[in-house]
Every structure is written in structure tokens, then in C-alpha cells.
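Enquirer: fold the following for me, if possible:
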Amino acid sequence: MSVFGIGLAYGVATLLVMFSGMPIAFALGAVAVVFMGIYMPSASLDTVTQNVYEEMASITLLSIPLFILKGAAIGKSRAGQDLYSALHAWLHRVPGGLGVANVFACALFAAMAGSSPATCSAIGSAGIPEMRKRGYSGGFAAGIIAAGGTLGILLPPSITMILFAVAAEKSLGRLFLAGIGPGLLLVSLFGTYAVIRFRREYAAAEAIYKKGGPEAPILARDEYTLAERFSVLPRVIPFVLLLTGVMIALYGGYATPSETAGLGGLLALALIAAIYSVWRPSDLAPIMRSTIRESTMLMMIIGMSLLYSYVMSYLHISQSVAESIVAMHLPRWELLFAILVMVVVLGFFLPPVSIILMTAPIILPPLRAANFDIIWFGVVMTIVMEMGLIHPPVGLNIFVIRNVAPDIPLREVIWGTLPFVLLMMFAVLLLCLVPEISTGLPDLVMGPDGSR
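Expert: Numbering: from 1, shown residues only. From the prediction side, this is the model:
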């Protein structure tokens, strides 16, 4: 059979197995093993475990369970709620300040946890009820938290970026650094939209009230004294210092990413023990269970995805696809657009982890040939994959919100997230026009002749 036929069969088999409901890790592993048995030497089956181990024997991947430990320590304590309460107390005078506070809370928590679902769960459990109580519409409240949670895979330490750095063989520290500017851009866009949307809902409620209707909760204003605002800081400042210390250790060259992850995990455990008295075995058990469960799931997906990519490469599927794309001689930006559309479509069905590990061998060679900087592309691809977290049919963050706020209809949640998807598209366009947002290097996506 030709390489095209094998590749077509490989892709169809993958889709069929995934749509059967089998977990992603086992689906990828099963397809890879079957094709190894059919098209590769029989001895290759004896080395499956060795291949998986060798692919996963990366010191960079060690940071994943350690960052997950840090996120679980913060997420399973009251740190997320305290962080949200402090931001609300200081931003309550801003129109839509409660929504803006939730955006900032998601950003800060995401920067500490590195996980989008954990951010949605931790901040949403406190933020959504408070927004609903103050008259925010269900879709608006759900959209803010779902979109804010996506910052967990963009702001460092991002587990998704760790995997991209491994797949692309690029500097993790530089990739983390490149994500800060776009992350702050999205925070600004989300916060601005929150203010605009709040003004619109406030104006509608005020018009009804002036016509003799009931006074909606959104018209009420919270008031905090200066003493009350300062009183909420003591519990939040240690975690902000933790985030700052981890960033300094990483970017100052004092520790490797894995060492930084270990340091962050230990400090997070120490802080929740000191601040929330979470130190007994019964208190730590949920944290450890959550860490082991999520780490095992991710590492299984990573291992099977790497085996899947290894088989794809051995059968020359990925090389043939890359050569075909290059042979089309698409202009640079049309090539980028085609690849990003493919990532969006994959985001309908797959989580970011699987998208990176399955597509990296295919899309990176043509991008390198077109003189795109892979670090810059990693940031752009991450934002595009964020869209997949908040749009159907999968939309992991959408279903996390449904668990946190089951009273909000799924239809409202989906419509509430769509404006944020458009904002992410706008952010991608800005990054293409102004790549300095990502790295500060004006020639990052320029061709050899200096043209963009």
C-alpha cells in the first residue's frame, strides 16, 4: 500500500476509535500498536514499552506533575476564593468591576496553577454565584470564567507550553517568556469586554427600573472601606510572592523548569499549611489524589501520543504530509492560515495536549521551511487551542462551568463564550501584525528578505 493509503487508513482508524468513546490515551496507543503489527517488523512490538519510556524520559516532562501538585494545593484550599475576594474589594468601583476582578483572578490563579480546568473550577465556584447574585446574566458570568480559565495554558507555567517545547525541541524558558505579552493582551481584552457588557446590562436594567419595573440586583453597588480592602490582602500576598519567586527563579537562571516546578509545589504546600492549616494527612489526601489522577491521565496521553507520532514518522506519514504541504508552494501567510484552521477543527474534538503531540511532526517542518519562528508560532497555536476549550462540541471549560453552575443552561454558557472566541481571533491577528507583543523581536516572523 502507498504511503498515502497508509496515512489515510491511519487517520480514519484514529477517528473511528476516538468516536467509539475510548479514552484518548488508549485510543492513540491502540491504533499505533495495530499499525506497528501490520506495517512494521514484528520485533518492533517487543520494544513498545521501551519506546514509550525513552520518549517520556525527558527532564522537562518531570515538571508537569510538579506544576500540577502546585495547582492542586492552591485549588483544593481557599486560596482561589480569597484571591477573588481581594480583587473584588479593590476593583468594585470600576464599572463591571466584579467581572474584571474575575478576569484578573483567573489570570493570577492560572499563572500559579498552570491548568485551565483547575482555574475554572477554583475561581468559578466563588465568582459565578457572586456575579449571579449581583444581577449578571448567566451567559455573561459563565463566559468570563470559561474564557478566563483558558489563560491557564498561555500564562507560565503552562503545561501545554511545556509539551510544545518538548515536541518542538525549543527553550521552555523562552517559550514561557513569549507567552506573557499575549497573556496580558488577552487579560486586557477580556477585562475591556467585561466593562462594555456590564454597561449594556446595567443600562437595560436601569431603563426597566425607570419605567416602574423592579430594581435589578445589578443596579446595587458594593462599598468597601479602606480598612476592609487592606484586611483581605494578608492571605493573598504570600501566593503572589510565590508566583513572583517562581518566575524569578526560572527567568533569572537560578533554577531549571523542573527545579522551579518542585520549588513551587513545596512552597504551595507550605503556604496552605501555614495560612489555612492544611497539613494533616486527611487534608492533604484530596490534593495528592487530584495530583496523581491528573498527572497519570496527562502522562498516559503524552506517552501514547509520542508512540503514535513515532509510528507515524516510521511509516513516513508525517514526512509525506509535510512534503505535500511544502509542495503546494502556498504563500507564507496562507500556509499559516491553513495550519491554524486545521488546529481549530481538531480543537472541536481533541484537547490541546493531543493536538500538539499529534500535529507537531506534521506542521513544524513546513513552518520552518517558510521561515516562521517556532517560538512565536507556539504562542499563536496556544491561543488557537484556547478557543477549543470554550467552543462546542467538546469545549472542556464549558463542561467544567456546567459542573460549577448547573443552574445556567448549556445554551447560555455557549453563547456567553462566543464573544471571547472572537476576542482570541482578534488577538491572533494582532500577533501576526505586531509580533513584538510576543517577544519584542521585530524580525521574529519575517522572511529572509525582511518581508512579512
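
Enquirer: show me the shaky parts of the stretch 51-200 of the chain.
Expert: By pLDDT under 70, the low-scoring segments of the stretch 51-200 of the chain are 55, 60, 80, 113-115, 118.

Enquirer: what about the helices in it?
Expert: 63-75, 79-91, 97-113, 116-133, 138-149, 159-168, 172-210 (DSSP state H, counting those that start in this stretch).

Enquirer: next one: the stretch 251-400 of the chain
Expert: 257-276, 281-314, 317-327, 332-347, 352-369, 374-389, 396-404.

Enquirer: now those helices as CSV including mean neighbour count and mean pLDDT?
Expert: The way it works is simple: take the backbone N, C-alpha and C, and place the C-beta from them, glycine included. Formatted as CSV, the helices of the stretch 251-400 of the chain follow (neighbours: other Cβ atoms under 10 Å; pLDDT from 0 to 100):
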stretch, mean neighbour count, mean pLDDT
helix 257-276, 20, 84
helix 281-314, 18, 81
helix 317-327, 17, 72
helix 332-347, 17, 84
helix 352-369, 21, 82
helix 374-389, 24, 89
helix 396-404, 21, 77
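
Enquirer: Throw the ones you listed into CSV and include distance to residue 20, thanks.
Expert: As requested, the helices of the stretch 251-400 of the chain are exported to CSV (distance: least, Cβ to Cβ, whole Å):
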stretch, distance to residue 20
helix 257-276, 35
helix 281-314, 16
helix 317-327, 22
helix 332-347, 18
helix 352-369, 16
helix 374-389, 21
helix 396-404, 19
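
Enquirer: out of those helices, which is closest to residue 193?
Expert: helix 374-389 (15.1 Å; Cβ to Cβ).

Enquirer: what about the helices of the stretch 251-400 of the chain, which gets the closest to residue 49?
Expert: Among the helices of the stretch 251-400 of the chain, helix 281-314 sits nearest to residue 49 (Cβ to Cβ), with 9.7 Å.

Enquirer: what is that closest one packed up against?
Expert: Taking 3 or more Cβ pairs under 8 Å, 6 or more residues apart in numbering; DSSP states H and E as contact, the helices and strands that helix 281-314 lies on are helix 3-19, helix 24-39, helix 48-56, helix 63-75, helix 317-327, helix 352-369.

Enquirer: at 7 Å instead, please
Expert: helix 24-39, helix 48-56, helix 63-75, helix 352-369 (3 or more Cβ pairs under 7 Å, 6 or more residues apart in numbering; DSSP states H and E).

Enquirer: report the inter-axis angle for it versus helix 116-133.
Expert: 120 degrees (axes from the mean of the first three to the mean of the last three Cα atoms, to 10 degrees).

Enquirer: relative to the whole chain's centre, how far out is helix 281-314?
Expert: 16 Å (Cα atoms, centre = their mean, to the nearest Å).

Enquirer: and the angle from that helix to helix 3-19?
Expert: Using the same axes, to 10 degrees: helix 281-314 against helix 3-19 is 160 degrees.

Enquirer: CA-only coordinates of stretch 347-363 in PDB, if you can.
Expert: Only the C-alpha atoms of stretch 347-363 are listed here, as PDB (Å, rounded to 0.1, in the frame of the first residue of the first chain):
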ATOM      1  CA  GLY A 347     -10.000  21.600  18.700                       C
ATOM      2  CA  PHE A 348     -13.600  20.600  18.100                       C
ATOM      3  CA  PHE A 349     -12.700  17.100  19.200                       C
ATOM      4  CA  LEU A 350      -9.400  17.000  21.000                       C
ATOM      5  CA  PRO A 351      -7.700  18.600  24.000                       C
ATOM      6  CA  PRO A 352      -4.600  20.800  23.500                       C
ATOM      7  CA  VAL A 353      -2.200  18.000  24.700                       C
ATOM      8  CA  SER A 354      -3.300  15.600  22.000                       C
ATOM      9  CA  ILE A 355      -3.300  18.300  19.300                       C
ATOM     10  CA  ILE A 356       0.300  19.300  20.000                       C
ATOM     11  CA  LEU A 357       1.700  15.800  20.200                       C
ATOM     12  CA  MET A 358      -0.200  14.600  17.100                       C
ATOM     13  CA  THR A 359       0.400  17.500  14.800                       C
ATOM     14  CA  ALA A 360       3.900  18.800  15.700                       C
ATOM     15  CA  PRO A 361       5.700  16.300  13.500                       C
ATOM     16  CA  ILE A 362       3.500  17.300  10.500                       C
ATOM     17  CA  ILE A 363       3.200  21.100  10.800                       C
END
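
Enquirer: and the residue nearest the centre of this structure?
Expert: For the chain, residue 153 is the residue whose C-alpha lies nearest the centre (Cα atoms, centre = their mean; 2.4 Å).

Enquirer: to residue 119, which of the helices and strands packed on helix 281-314 lies closest?
Expert: helix 63-75 (8.1 Å).

Enquirer: do you know which of the helices of the stretch 51-200 of the chain lies nearest residue 281?
Expert: Comparing the helices of the stretch 51-200 of the chain by Cβ to Cβ, helix 63-75 comes nearest, at 14.5 Å.

Enquirer: which other helices and strands contact that closest one?
Expert: Using 3+ Cβ pairs under 7 Å, 6+ apart: helix 63-75 touches helix 97-113, helix 116-133, helix 159-168, helix 257-276, helix 281-314.

Enquirer: and the first one, what does it pack against?
Expert: Where contact means 3+ Cβ pairs under 7 Å, 6+ apart, helix 97-113 is packed against helix 63-75, helix 79-91, helix 116-133, helix 138-149, helix 172-210, helix 237-251.

Enquirer: list the buried residues of the next helix or strand after the longest one.
Expert: Looking back up the chat, that one is helix 172-210. Of the helices and strands lying after helix 172-210 in sequence (DSSP states H and E), the nearest is helix 226-231. By neighbour count on 16 or more other Cβ atoms under 10 Å, the buried set for helix 226-231 is empty.

Enquirer: what residues does helix 226-231 touch?
Expert: With contacts defined as Cβ atoms under 7 Å, 6 or more residues apart in numbering, helix 226-231 is touched by 89, 90.

Enquirer: so how far is it from its chain's centroid?
Expert: That offset, for helix 226-231, works out to 33 Å (Cα atoms, centre = their mean).

Enquirer: residue 137 against residue 201, yeah?
Expert: Yes - under the criterion of Cβ atoms under 7 Å, residue 137 makes contact with residue 201 at 6.2 Å.

Enquirer: re earlier: just say which of the helices of the stretch 51-200 of the chain is most tucked in.
Expert: Mean neighbour count (mean count of other Cβ atoms under 10 Å) peaks for helix 138-149 among these, with a mean of 29.

Enquirer: leaving out chain neighbours, which residue sits closest to residue 194?
Expert: Spatial nearest neighbour of residue 194, excluding adjacent residues (Cβ to Cβ, 6 or more residues apart in numbering): residue 99 at 3.5 Å.
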